[in-house]
Structure formats: structure tokens, C-alpha cells
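S.K.: no sequence on this one, just coordinates:
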Ligand code: NAD
Ligand code: IMJ
């Protein structure tokens, strides 16, 4: 008997086995969920498909969240195969590399637009298609955010502003979809060495700071995030919506 027996979950954001989305997928699978995955481009398809197959996923589909047609085709396939959806995991973000260094004041109009589109609007675009499949089943939507949405963190820049919009979207979506029995929450994860952290200057120092100063004196793992995602996906969190839950070893609570 698993907590998620018979539940169907769509996971966006697996790039490789280090992805936070993969830690979440493993946690949901262990409790009995049936999973579907998406990827962006042929290179990532080669990585995602074997991972998806290792957890028995039959649906592995392309979805660049900036392309409405791809989102429509994805949900057409989910409707056709499953006819319903219980869990949506949104674990993706993107900003141009040049926007993630130097000063935020130099953010370009195009860089701002792209970061907002991929990292914030995409949650709205996905929820618009997901909620008709979730209605009456008690759906759960989970997204990933970072402390840079509420503090100015070096180099996070436009991503911090996009995450602030994402977190506000969580509250508005929770308000809209709550009457339909659908919950929407975010996990604010501590720094984790994934593809999205590669080449970010000062990342090692941030990991070291969490290890030295956080209450738990360690960094978090995708498995830590997976545990909280399992709670948010399951009836254990049936009264929780619109929340930002920190999985960061307690780092966010500390003063200097
Ligand atoms: P990751 O690189 O493994 O995952 C990022 C994913 O975003 C990739 O799978 C990539 O394909 C996807 N993506 C990028 N552009 C896309 C697009 N246009 N359409 C669809 N998908 C797209 O890195 P990760 O660290 O697992 O990141 C997952 C989420 O966790 C992100 O929202 C990130 O902001 C958040 N997060 C990461 C950390 C960290 O330190 N790694 C901390 C807190 C929050
Ligand atoms: C990313 C940039 C700057 C500082 C950062 C991060 N810190 C952390 C991250 C301190 C923890 C990782 N993070 C929370 C993200 O949301 C990363 C998003 C991201 C990463 C890249 C790298 C490669 C690229 N574009 C990206 N877009 C978004 O080209």
C-alpha cells in the first residue's frame, strides 16, 4: 500500500539523474504513483527517456514551455492516455547566462522577458491545461523556488525577480483552483549542485555557507526535496495550499 497508489503524476524538469525533479520522481514512484515525463530537445531526450523507463513511465513527451502548441500537444496526450491527472510537478527555470552575473541593474528587456516567460508564466500556462483534468480528484501542483525571490542574492538577479512572480502566482493559482479541490504549493529548496548550478560563480561559497551556518549544518539533497514533494502530493497535506515550504536545512530563518 503506497500513499500515491493509483495517482497519476506529470513531471516537468528532469534533465539528468541529479535534477531535483528526478529526486521528486523517485519519491512519488516509491509510493505507487504512475508517472509521465517531459524533455526539451533531442539531447535531453537521450538522458530523460532511460530514466523515465527505469520507473516504468510510458509517456515521455517533448515540452518547451515557451511554446503553447507543445503544451497543448502534451495535455492532449495526457487526456488521451490517462483521461485525468492528480499531480503536476513544475521543476524548471531559465535565464540567459549573461543575466546571472554582474549587476541586476543591467538586465536587458529581452532577458527579463525570457526569464519571466520560462520560469514564472509557464506555471500558469500548465495549470490552465491541467485543472480540467484534475477537477473533482483533489489535484496537487508543486513548483520549485529559491530564497533569491525574497533576498537579493549575488548573481541570482533576474531569476530572483522571476521566482518572486512565481511565488505570487502560487498564491493566485491556489486561490483560483482551491474551490475545484486543487492545491498549489512551492518548495523553496536550498542550493543543490545540479545542471542549473553549473558555471554559476560563487556557487561553492554558497554551499559552504549553508553547511557552516544553517541550523542542520548540512546542504540539502534532491531526496530531501522529494520527501516534501511526496507530502505535498499526498493527502497528508490535504489542508495545505498557497504555501512556500522551505527545504533548506533551516538556512532562511537565520539572522547574521
Ligand atoms: P536542472 O538543470 O536539473 O533542471 C532544470 C530544468 O529546466 C531542466 O530539465 C531543463 O530542461 C528545464 N527547462 C529549461 N528551460 C525550459 C523550457 N523552456 N521548457 C521546459 N523545460 C525547461 O536543475 P534543478 O536545480 O533541478 O532545477 C529545477 C528547479 O529547481 C528550478 O525551478 C530551479 O530554479 C529550482 N531550484 C534549484 C536550486 C538549486 O540550487 N539547484 C535551488 C532552489 C530551486
Ligand atoms: C543560479 C544563478 C545564480 C546564483 C544561484 C543560482 N544560486 C543558486 C542558483 C545561489 C542556488 C540555482 N538556482 C536556484 C536556480 O534557480 C538556477 C536557475 C538557472 C540556472 C541557469 C544556468 C545556465 C543557464 N541559465 C540558467 N537559468 C536559470 O544558461
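M.R.: Okay, I see it. What you see is a predicted model; the values in this text were computed from it and never measured. Numbers count the residues shown, from 1 in each chain. Ligands and ions are numbered 1, 2, ... in the order given.
S.K.: use CA for all of it now, contacts and neighbours both
M.R.: OK.
S.K.: what's the closest non-adjacent residue to residue 246?
M.R.: Among residues not flanking residue 246 along the chain, residue 188 sits closest, at 4.6 Å (C-alpha to C-alpha, 6 or more residues apart in numbering).
S.K.: Next one: that neighbour from ligand 2, what distance?
M.R.: Using C-alpha to the nearest ligand atom, to the nearest Å, one gets 9 Å for the distance from residue 188 to ligand 2.
S.K.: Spell out which residues of the stretch 51-200 of the chain are next to ligand 1.
M.R.: Proximity of the stretch 51-200 of the chain to ligand 1 (C-alpha under 6 Å from any ligand atom) is limited to residues 63-66, 91-94, 118, 144-146, 188-197.
S.K.: what's the longest helix in the protein?
M.R.: helix 157-177 (DSSP state H).
S.K.: what's near enough to touch the residue nearest to residue 180 when sequence neighbours are not counted?
M.R.: Leaving aside its chain neighbours, residue 180 sits nearest to residue 135 (5.7 Å; criterion: C-alpha to C-alpha, 6+ apart). Contacts here follow C-alpha atoms under 8 Å, 6 or more residues apart in numbering; on that basis residue 135 touches 180-182.
S.K.: what do you get for residue 139?
M.R.: Counted by C-alpha under 8 Å, 6+ apart, residue 139 has contacts 85-87, 131, 181-183, 233.
S.K.: If we use 7 Å, what do you get?
M.R.: 86-87, 181-183 (C-alpha atoms under 7 Å, 6 or more residues apart in numbering).
S.K.: quick one on the thing from earlier: wait, which of the contacts of residue 135 is closest to residue 211?
M.R.: Nearest to residue 211, judged by C-alpha to C-alpha, of the contacts of residue 135 is residue 182 at 35.9 Å.
S.K.: Now that closest one. Nearest residue, chain neighbours left out?
M.R.: Closest to residue 182 by C-alpha to C-alpha, 6+ apart is residue 139, at 4.5 Å.
S.K.: per-residue pLDDT, that neighbour?
M.R.: With respect to pLDDT, residue 139 scores 98.
S.K.: can you offset everything so residue one is 28?
M.R.: In the new count, where the first residue is 28, that last one comes out as residue 166.
S.K.: Need phi/psi at it.
M.R.: Per-residue torsions, residue 166: phi -70, psi 160 (degrees, to the nearest 10).
S.K.: What distance do you get for it to residue 157?
M.R.: Counting by C-alpha to C-alpha, to the nearest Å, the gap from residue 166 to residue 157 is 9 Å.
S.K.: again, but for residue 167
M.R.: Distance from residue 167 to residue 157, counting by C-alpha to C-alpha: 10 Å.
S.K.: Which one's more surrounded, the two?
M.R.: Per other C-alpha atoms under 10 Å, whichever of residue 167 and residue 157 has more neighbours is residue 167, with 28 against 22.
S.K.: beta partners of that one?
M.R.: Judged by DSSP bridges, the bridge partners of residue 167 are residue 114, residue 210.
S.K.: That one: what's it in contact with?
M.R.: Contacts of residue 167 by C-alpha under 7 Å, 6+ apart are 113-115, 209-211, 260.
S.K.: Go again with 10 Å.
M.R.: 36, 112-116, 158, 161, 201, 208-212, 256, 259-262, 264-265, 267-268 (C-alpha atoms under 10 Å, 6 or more residues apart in numbering).
S.K.: can you tell me which of the residues of the stretch 78-227 of the chain next to ligand 1 are in strands?
M.R.: 171-172, 215-216 (DSSP state E).
S.K.: can you list those in CSV and add neighbour count, distance to residue 188 and pLDDT?
M.R.: Below are these laid out as CSV (neighbours: other C-alpha atoms under 10 Å; distance: C-alpha to C-alpha, whole Å; pLDDT from 0 to 100):
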residue, neighbour count, distance to residue 188, pLDDT
171, 24, 14, 99
172, 26, 11, 99
215, 23, 14, 99
216, 23, 16, 98
